[in-house]
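1. Coordinates for the following, if possible.
(chains A and B)
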Amino acid sequence: MRSESQPDYMRRLKLDADELANRRRFFGITQEDLERLGALRPVAERHMTSIIAGFYDLLLEHPRTREFLGDPQLVNRLQRAQQSYFLGLFDGRCDLAYVEDRLRVGHVHERVGLPLKWYLGAYNRYLQLSAAALRKELPLAEAQLAEASLQRLVFFDLALAVDTYVAAQIETVARHRAAVDELSTPVIRVFDRVLLLPLVGTIDSARAQGIMETVLKRVSDQEAKVMIIDIAGVAVVDTQVADHLLRATAAVRLLGASTILTGISPQVARTVVELGVDISAMHTRSRLADGIELALSLLGRKITAAAS
Amino acid sequence: MIVLETCALPIDSEDDVVRVRTRVRDLAQRLGFDAFAVAAISTAASELTRNAWVHGHGGTATVEEVEEGGRHGVRLQFHDAGPGIADLPRVLKGGFSTRRSLGLGLSGTRRLVDDFEIESQCGVGTHIVVAKWARFGART
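-> Numbering: from 1, shown residues only, chains lettered A, B, ... in the order given. Below is the predicted model of the structure:
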């Protein structure tokens, strides 16, 4: 049973039968462990309410975690999820359906923004409370065996919870990356047939390729004659960045347009010269304003003061 | 030469170019380098980290704060276990590239720094050490 909004962690984490078997082996979860826990289900049911209450007591008494659980409705919902989680430990199974259920629990906590450190810390309390209950109910030797089995399964669960957090982070990063990519080549039309591309930040190979594509497309679509590239916001102009700029210039020229490089700081000017990069193929101006003037003059126009 | 601080950074993705460069720039600024020197050593870090990534298939960058005769400086060491550079004199002369890039990385970097040493052995890897010194009187 998967809610609509939950991403497909099973697929994303490549959790198939093979991976499950690998994980079970690594965490040392045997059939014997599962049977032992399965047999303890009645005990678990008897102690469930107090153990979960103890678990949430910890979360609620600590100011930082209490912030996250400020909404009583949320606590109610999470407690219900915890009940089914807790009893799941005593289902006597550890199959793919079990894994999917565990990922859902991780997902719920990740979604409400509970930091992983508090989540892990709370699990520790979980184990302590469960151990205390088992010792109350069982002879010591049996209780110890049950604790060991429970610990193995809980650590297996923890790994899954961590995986959901990590997967969610990776997805966030990918989303941001896409957003940045979209913003990273904002081509502005400053005048009829004059385009401006202000570059900011770091230009890696992937971004350089995106810049090249965008620039060529816009120059062609708008029948631009001049493309101004402003690099005032580029941290470092090394040979690779220079190389990308020169290639863009060459490609733009094939479309019958010129490139003007502006926003060159004194440091960048000196570094580029020392690197030995020849950028004579590009028009250059230190300031953007000068670049715009040059662009207009290339079009046979100029800015004049209004007659007063 | 005394090494006052050292920090080894892995080079195993293109993103490490920015990571190494940022570290180097922060150190150079902290040592009171002027804006030109900061740009020079940051650009050198950028070139050499990318070289280690693109040609050496990754490696390590060691960023060090060093002192000699009362002067403070930034020393950078790049290690990779890549194929090595076959014709070192030609590469150092500039304008030679195996990958259709500008081929100015090493020769240009050499002009950006005060000290430059390179050892490269085919099939073993490349080790480059560069340093840039703060001017006398710079805040340290």
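2. what's the spacing between stretch A:185-196 and its chain's center?
-> Distance, stretch centre to chain centre, for stretch A:185-196: 32 Å (C-alpha atoms, centre = their mean, to the nearest Å).
3. what does that stretch contact?
-> A:197-198, A:210-211, A:214-215, A:218-219, A:222-228, A:230, A:288, A:292, A:295-296, A:299 (C-beta atoms under 8 Å, 6 or more residues apart in numbering or on different chains). (C-beta placed from N, C-alpha, C; glycine too.)
4. please redo it, this time with the cut-off set to 10 Å
-> Stretch A:185-196 is contacted by residues A:197-200, A:207, A:210-215, A:217-219, A:221-230, A:252, A:257, A:260, A:262, A:288, A:291-292, A:295-296, A:298-299, A:301, A:303 when judged by C-beta atoms under 10 Å, 6 or more residues apart in numbering or on different chains.
5. cool, stretch B:110-117 as well?
-> Contacts for stretch B:110-117 (C-beta under 10 Å, 6+ apart): A:238, A:270-271, A:273-276, B:1, B:36-37, B:39-45, B:47-48, B:66, B:71, B:73-77, B:92, B:94, B:104, B:106, B:109, B:118, B:127-133.
6. Give me the buried stretch members for that stretch, please.
-> For stretch B:110-117, a neighbour-count test (16 or more other C-beta atoms under 10 Å in any protein chain shown) marks B:Arg110, B:Arg111, B:Leu112, B:Val113, B:Phe116 as buried.
7. Name the next helix or strand downstream of the helix or strand containing the first one, please.
-> Remark: B:Arg110 resides in helix B:105-112, with elements defined by DSSP states H and E. Taking DSSP H and E as the definition, the helix or strand that follows helix B:105-112 towards the C-terminus is strand B:115-121.
8. returning to that earlier point: report the angle between the helix holding B:Arg110 and strand B:115-121.
-> Counting by axes from the mean of the first three to the mean of the last three C-alpha atoms, to 10 degrees, helix B:105-112 lies at 160 degrees to strand B:115-121.
9. give me every residue that touches the closest residue in space to A:Glu32 that isn't next to it in sequence.
-> Among residues not flanking A:Glu32 along the chain, A:Ser149 sits closest, at 7.8 Å (C-beta to C-beta, 6 or more residues apart in numbering or on different chains). The contact partners of A:Ser149, by C-beta under 10 Å, 6+ apart, come to A:Gly28, A:Ile29, A:Thr30, A:Glu32, A:Asp33, A:Leu34, A:Glu35, A:Arg36, A:Leu37, A:Leu40, A:Leu89.
10. ok, now which ones touch A:Gly256?
-> Contacts of A:Gly256 (C-beta under 10 Å, 6+ apart): A:Val219, A:Ser220, A:Glu223, A:Ala224, A:Lys225.
11. A:Val226 versus that one, what's the distance?
-> Distance, A:Gly256 to A:Val226, using C-beta to C-beta, to the nearest Å: 11 Å.
12. Over to A:Ile264?
-> 17 Å.
13. quick one: contacts of the helix or strand where A:Ala289 lies?
-> If you go by DSSP H and E, A:Ala289 is part of helix A:288-298. Here helix A:288-298 makes contact (C-beta under 10 Å, 6+ apart) with A:190-196, A:198, A:224-230, A:232, A:257-258, A:260-264, A:283-285, A:287, A:301-303.
14. redo that, cut-off 8 Å
-> A:190-191, A:194, A:196, A:225-226, A:228, A:230, A:232, A:258, A:260-263, A:283, A:285, A:302-303.
15. From these, which land in strands?
-> For the contacts of helix A:288-298, the ones inside strands are A:190-191, A:194, A:196, A:226, A:228, A:230, A:232, A:258, A:260-262, A:283, with DSSP state E as the criterion.
16. Give me the buried entries from the residues you listed.
-> The neighbour count (16+ other C-beta under 10 Å) marks A:Phe191, A:Val194, A:Leu196, A:Val226, A:Ile228, A:Asp230, A:Ser258, A:Ile260, A:Leu261, A:Thr262, A:His283 as buried among the ones in strands among the contacts of helix A:288-298.
17. In TSV, list the residues you listed along with pLDDT and distance to A:Met48.
-> Converted to TSV, those look like this (pLDDT from 0 to 100; distance: C-beta to C-beta, whole Å):
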residue	pLDDT	distance to A:Met48
A:Phe191	91	72
A:Val194	96	71
A:Leu196	95	65
A:Val226	96	73
A:Ile228	95	68
A:Asp230	94	64
A:Ser258	94	75
A:Ile260	96	72
A:Leu261	95	69
A:Thr262	96	69
A:His283	93	75
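18. Pull out the buried positions in stretch A:274-285.
-> Quick answer for stretch A:274-285 (16+ other C-beta under 10 Å): A:Glu274, A:Leu275, A:Gly276, A:Val277, A:Ile279, A:Met282, A:His283, A:Thr284, A:Arg285.
19. can that stretch be found next to chain B?
-> Yes: interface with chain B: stretch A:274-285 contributes A:Glu274, A:Leu275, A:Gly276, A:Val277 (C-beta under 8 Å from any C-beta of the partner chain).
20. which helices and strands sit right next to the helix or strand of chain B at the bottom of the mean pLDDT ranking?
-> Here the helix or strand of chain B ranked lowest by mean pLDDT, DSSP states H and E is helix B:88-93, holding a mean of 82. With contacts defined as 3 or more C-beta pairs under 8 Å, 6 or more residues apart in numbering or on different chains; DSSP states H and E, the packing partners of helix B:88-93 are helix B:105-112, strand B:115-121.
21. Which residues does that helix contact?
-> So helix B:88-93 is contacted by B:Ile85, B:Phe96, B:Gly103, B:Leu106, B:Ser107, B:Arg110, B:Ile118, B:Ser120 (C-beta under 8 Å, 6+ apart).
22. for the chain, what are the low-confidence residue spans?
-> Chain wasn't specified; assuming chain A. A:1-7, A:308 (pLDDT under 70).
23. sorry, should have said chain B
-> Ranges of chain B meeting pLDDT under 70: B:95-96, B:98-102, B:136-140.
24. Show me the residue at the heart of it, geometrically.
-> B:Ala45 (4.3 Å; C-alpha atoms, centre = their mean).
25. hang on, that residue in a strand?
-> No: read with DSSP: H, G, I helix; E, B strand; the rest coil, B:Ala45 is helix and lies in no strand.
26. How much space separates the residue nearest to A:Glu32 from chain B?
-> To chain B, A:Ser149 is 39 Å away according to C-beta to the nearest C-beta, to the nearest Å.
27. Next to chain B, which bits of chain A? Give me the list.
-> A:202, A:204-206, A:235-240, A:242-243, A:246, A:265-268, A:270-271, A:274-277.
28. hmm, back to that, out of the contacts of A:Gly256, what pair is the most spread apart?
-> The largest separation in the contacts of A:Gly256, counting by C-beta to C-beta, is between A:Ser220 and A:Lys225 at 11.9 Å.
29. more crowded one of the two?
-> A:Lys225 (18 against 13; other C-beta atoms under 10 Å in any protein chain shown).
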